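Trainee: structural data only, the sequence is not supplied:
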């Protein structure tokens, strides 16, 4: 099963910038491990893995703004 990596609710924040993926795509990660970092106008937030599995990145880090509701990638627990 693929578990979506999403940004937790950040109140009124509508867009974020993905500042990094500490683990490369294809890496094995564990539930609760930091898999992405995003930046809002006021802070940087670490995004944790929702499950144990293999990281699949769908939106690369970079200067572009993305919706705070976007799916950043997936954790495949069957890989």
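Mentor: Nice, thanks for sending it over. Please read these numbers as outputs of a predicted model, since none were measured by experiment. Numbers count the residues shown, from 1 in each chain.
Trainee: for the rest of this, base every contact and every neighbour count on C-alpha atoms.
Mentor: OK.
Trainee: and the spatially closest residue to residue 79 that is not a sequence neighbour, bridged to which residues?
Mentor: Leaving out its chain neighbours, the residue that sits closest to residue 79 by Cα to Cα, 6 or more residues apart in numbering is residue 54, at 6.2 Å. Listed by DSSP bridges, the beta-bridge partners for residue 54 are residue 28, residue 76.
Trainee: how many neighbours does residue 54 have?
Mentor: By other Cα atoms under 10 Å, the residues close to residue 54 number 21.
Trainee: check contacts around the residue nearest the centre of the chain.
Mentor: In the chain, the centroid-proximal residue (Cα atoms, centre = their mean) is residue 36; its distance is 4.3 Å. By Cα atoms under 8 Å, 6 or more residues apart in numbering, the contact set of residue 36 is 18, 19, 20, 21, 22, 23, 46, 47, 48.
Trainee: which of those residues lies closest to residue 68?
Mentor: For these, the minimum distance to residue 68 (Cα to Cα) is 10.2 Å, reached by residue 18.
Trainee: okay, the closest one: pLDDT?
Mentor: pLDDT, residue 18: 95.
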